[in-house]
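A.B. asks: need a structure here:
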Amino acid sequence: MKLTFFGAAHAVTGSCHCVECGGKKILVDCGLQQGRDERDNQALDFNAGYIDAVVVTHAHIDHSGRIPLLVKQGFEGNIYCTRLTGQLLSIMLRDSAHIQESDAQWQNQKGRRAGEEPVEPLYTVADAEAAIKHIVTCEYGTRLQVEDGVKIRFVDAGHLLGSASVEMWLTEGDETRKVVFSGDIGNRDQPIIRDPQYIKDADYVLTESTYGDRLHDMAQKPDYTADLAAIIDETLGKGGNVIIPSFAVGR
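C.D. replies: Have a look, this model is predicted:
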């Protein structure tokens, strides 16, 4: 068994981890790097054609946004996720591709005036459509064999509709090890979203740590309305602006 980290290492976004077992290579997530983490998203750090399968924890673009690029560059296997994640991916990957095309068009319009070479979008809507055809969905709690010696099960992570932690059983010879990928784990007592389910055993755990430098008061339920009001009052009091990205999925 071998684990390699191709994303969300030295950075927060762009989750992408590779598990090798019995000669098979399985990606867990294939996300787009965003914001201050962004670097050359055009370059995959591996040969896409060598990947046998992809497992997606949830549909947020920093966990799924390079899947169309993966297919564009030669990936031919299955993409496994929960049923609701599959439904969201069919919308979000198309939307992400439209943004890639629009960004490239804008950059080329600007570049022509400066005499620059034209750029290609990271991927197109057609690439996203091709990727969506590879999606295989299942329900929470179903143990699924994705390759010889590799079984997975999705556990509700309570982060987004369809979001999951992944239990993965890896068998080589007569030895089996269980690896857990946390995905993004949500809070308790959220509207619509169920509470995250707990996993009680594993040999290895790989956990997301986006907010690893913050302390959360778990003794009492957060008062989000009061917290938001305080932020708005403080910001406006200093002459600042409050921008709320109401288009963000799950927000």
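A.B. asks: give me the beta-bridge partners of V166?
C.D. replies: Note on V166: beta-bridge partners F154, F181, judged by DSSP bridges.
A.B. asks: what about it, neighbour count?
C.D. replies: Neighbour count of V166, defined by other Cβ atoms under 10 Å: 23. Glycine gets a C-beta too; all of them are placed from N, C-alpha and C.
A.B. asks: what about stretch 20-33, start to end distance?
C.D. replies: Terminal residues of stretch 20-33 are spaced 23 Å apart (Cα to Cα, to the nearest Å).
A.B. asks: just the helices in this structure please.
C.D. replies: 61-64, 67-72, 83-113, 125-132, 224-237 (DSSP state H).
A.B. asks: show me the one of these that comes nearest S209.
C.D. replies: helix 61-64 (13.5 Å; Cβ to Cβ).
A.B. asks: hey, where'd the strands end up in the stretch 151-251 of the chain?
C.D. replies: When secondary structure is read from DSSP state E, counting those that start in this stretch, the stretch 151-251 of the chain shows strands at 164-172, 175-181, 204-206.
A.B. asks: could you identify which of those strands is most buried?
C.D. replies: Among the strands of the stretch 151-251 of the chain, the stretch with the highest mean neighbour count (mean count of other Cβ atoms under 10 Å) is strand 164-172, at a mean of 21.
A.B. asks: can I get that one in PDB? Just the C-alpha atoms.
C.D. replies: Extracted C-alpha coordinates of strand 164-172, given in PDB (Å, rounded to 0.1, in the frame of the first residue of the first chain):
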ATOM      1  CA  ALA A 164     -19.200  11.600   2.800                       C
ATOM      2  CA  SER A 165     -16.200  10.300   4.700                       C
ATOM      3  CA  VAL A 166     -14.800   7.300   2.900                       C
ATOM      4  CA  GLU A 167     -13.900   4.000   4.600                       C
ATOM      5  CA  MET A 168     -11.500   2.100   2.400                       C
ATOM      6  CA  TRP A 169     -10.300  -1.500   2.900                       C
ATOM      7  CA  LEU A 170      -7.100  -2.300   1.100                       C
ATOM      8  CA  THR A 171      -6.000  -6.000   0.700                       C
ATOM      9  CA  GLU A 172      -2.600  -7.100  -0.500                       C
END
